[in-house]
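Participant: Fold the following.
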Amino acid sequence: QKLRVWKPSNAYDFGQLVNAVLANKDKAACADLLTITEPKTLPVMLSNKLEGKILLIFIQSLECYIAGKDPGLAYQHLFYLSKAERFKVVLALLSKNEKEEVQQLFDLLSERQSDQYSWEDLESLKKVYEL
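Facilitator: Next up is the predicted model:
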C-alpha cells in the first residue's frame, strides 16, 4: 500500500506528510513529496521541525529517486534544506555512516550534469554539509 501524497499548502500539512513518510519508511512517497514541493519553500515548510531522521529520509529519497532523473531538483532541495532552521544542529548529530550517505548523494550529483548548478556550486554546498 503506497502512501498517497498531495501538495501541502502549509507547514502543518507538510509535517503530517513527513510524519506519515517516516512512519512507513516510504522513500518513494518521500520522493513524490519532494518532487511536488517547491525547493525554496522547504525552510518554511519544515519550520523548526527538522530532525536527523527527516534529513536522512530526504537524502535517501533524493539519492534513490530524484538525483538520477533530475539532478538539478536534487541540488535545489539540498541547497534549501541547508537553510532550514536547526540544520546545523541536525548536521552535527549525524553519525559517520549517515554522513557517508550524504556524501554518496553529492558524489552522484557530481557525476551528473545540470544547468542548475556548476561544479563550484556543488563544492561550496558540500562545505555547508561539512563534507
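Participant: what sits against the most centrally placed residue in the chain?
Facilitator: By Cα atoms, centre = their mean, the chain has its centre lying nearest to F58, at 3.7 Å. F58 sits next to C30, L34, H77, L81 when contact means Cβ atoms under 8 Å, 6 or more residues apart in numbering. No exception for glycine: its C-beta is placed from N, CA and C like everyone else's.
Participant: Can you pull the phi and psi angles for the residue nearest to the last one when sequence neighbours are not counted?
Facilitator: Okay, so that is L81. Nearest in space to L81, with sequence neighbours left out and distances taken as Cβ to Cβ, 6 or more residues apart in numbering, is L42 at 5.7 Å. Main-chain torsions, L42, degrees, to the nearest 10: phi -50, psi -50.
Participant: what's the helix or strand for the residue nearest to the centre of the chain?
Facilitator: Secondary structure assignment for F58, by DSSP states H and E: helix 52-61.
Participant: Just the buried residues of that helix, please?
Facilitator: Residues of helix 52-61 classed as buried by neighbour count (16 or more other Cβ atoms under 10 Å): G52, I54, L55, L56, I57, F58, I59, Q60, S61.
Participant: The residue lying closest to the fourth one once chain neighbours are set aside and Y129, how far apart?
Facilitator: Right, the one you point to is L56. Spatial nearest neighbour of L56, chain neighbours left out: E98 (5.9 Å); criterion: Cβ to Cβ, 6+ apart. Computed as Cβ to Cβ, to the nearest Å, the E98 to Y129 distance reads 11 Å.
Participant: got it, and K40?
Facilitator: Counting by Cβ to Cβ, the gap from K40 to Y129 is 18 Å.
Participant: Which one of the two is surrounded by more residues?
Facilitator: Between K40 and Y129, counting by other Cβ atoms under 10 Å, Y129 is the more crowded of the two (19 against 12).
Participant: Show the contacting residues for the more buried one.
Facilitator: Residues in contact with Y129 (Cβ under 8 Å, 6+ apart) are L78, S82, L91, V102, F106.
Participant: Y75 too?
Facilitator: L109, S114, Q116, Y117, D121, L122, L125.
Participant: From those, keep the buried residues only.
Facilitator: Using 16+ other Cβ under 10 Å, the buried ones in the contacts of Y75 are L109, S114, Q116, Y117, L122, L125.
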